[in-house]
Structures are given as C-alpha cells and as structure tokens.
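Asks: Build me a model from this:
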Amino acid sequence: GKDRIIFATKEDHETPSSAELVADDPDDPYEEQGLILPNGDINWNCPCLGGMASGPCGEQFKSAFSCFHYSTEEIKGSDCVDQFRAMQECMQKYPDLYPQEDENEEKEKLNKDLEATPMEASATKEEKRSS
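Replies: Numbers count the residues shown, from 1 in each chain. As a prediction, this is how the structure comes out:
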C-alpha cells in the first residue's frame, strides 16, 4: 500500500541527524505571491493556508481545495463533495490539531450575539433620553 514501516535501531538513534533544516528564504519567489500564483496554480506555500496543506490531512486538504479551485460547475465545488468529506473525516481523527466547534455551541453563541445586539441598541437610546 501507500504506507511504509521503517524500524529504527538503537544505533540509528545514536548517530547525529543528517537532516537539513531550511531557514525561511527571504528571496523565496512564492512567499509574496499570495494564494494563487500568476500562472493560476495554487501556492501551497502561502502562509494564508495556515499550514493546512501539510500535516496528517494535508493531502486530503490539497485534493479538496484543488477540486474547488479548478471546479467549473455552475455551483462551484459542487463536484467536490467526496474530497471535502474525506478531508472532514480525516480532520475528525485529529481533534487536537483541527478543533471543531460543536454545532449546538455555535448556534447558541450566534443566538446570544443576535439577542444582545437589539438590547444594547435600546439601552443606548434609553440613556440618551434620560440625559
């Protein structure tokens, strides 16, 4: 399959790592490009993606986002449901990395915000009348 198992020995861990860390390159041509490159491709290195293109669900994110970006359907992205579902299923396996607000909590928060707004507006009207 797609996965490969590698066993590390004690000796493997005793030798210093040969991995090279690449510092941020101030001359990186993709850094200042934004999400979409001049040729129309997606800039997976864009900081605006917040690291979503890497990590355990990076491939699913790339698949879903690419599908949406290149979608030519009348309702853009309507042909990408399977890719977005796969991404969501992956993200649910890693709740610490991809926190999701509970739908009920989100609705309650929205309702409280909506309820608070008219009261604040009427309270300021009352204050103006009493002064």
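Asks: Which stretches in this structure count as helices?
Replies: 10-14, 58-70, 81-92, 103-130 (DSSP state H).
Asks: which stretch in these is the model least sure about?
Replies: When mean pLDDT is averaged over each of the helices of the chain, helix 103-130 scores lowest at a mean of 56.
Asks: buried stuff in stretch 73-91?
Replies: Within stretch 73-91, the residues that count as buried by 16 or more other Cβ atoms under 10 Å are 77, 80, 83-84, 86-87, 90-91. No exception for glycine: its C-beta is placed from N, CA and C like everyone else's.
Asks: Sorry, wrong one. I was asking about stretch 38-57.
Replies: Those would be 42-44, 46, 49, 52-53, 57, for stretch 38-57 by 16+ other Cβ under 10 Å.
Asks: quick one: which of these is nearest A8?
Replies: C57 (25.1 Å; Cβ to Cβ).
Asks: gap between that closest one and L97?
Replies: 8 Å (Cβ to Cβ, to the nearest Å).
Asks: any residues in contact with both of these two?
Replies: M91 (Cβ atoms under 8 Å, 6 or more residues apart in numbering).
Asks: Determine which two of the buried residues of stretch 38-57 are furthest apart.
Replies: Going by Cβ to Cβ, the pair spanning these furthest: N43 and C57, at 18.8 Å.
Asks: May I have the residues that are in contact with the closest residue to H69 other than its chain neighbours?
Replies: In space, and not counting its chain neighbours, H69 is closest to I42: 5.7 Å by Cβ to Cβ, 6 or more residues apart in numbering. Counting by Cβ under 8 Å, 6+ apart, I42 touches 35-36, 62, 65-66, 69.
Asks: Same question for F68.
Replies: Neighbours of F68 in contact, by Cβ under 8 Å, 6+ apart: 76-77, 80, 84.
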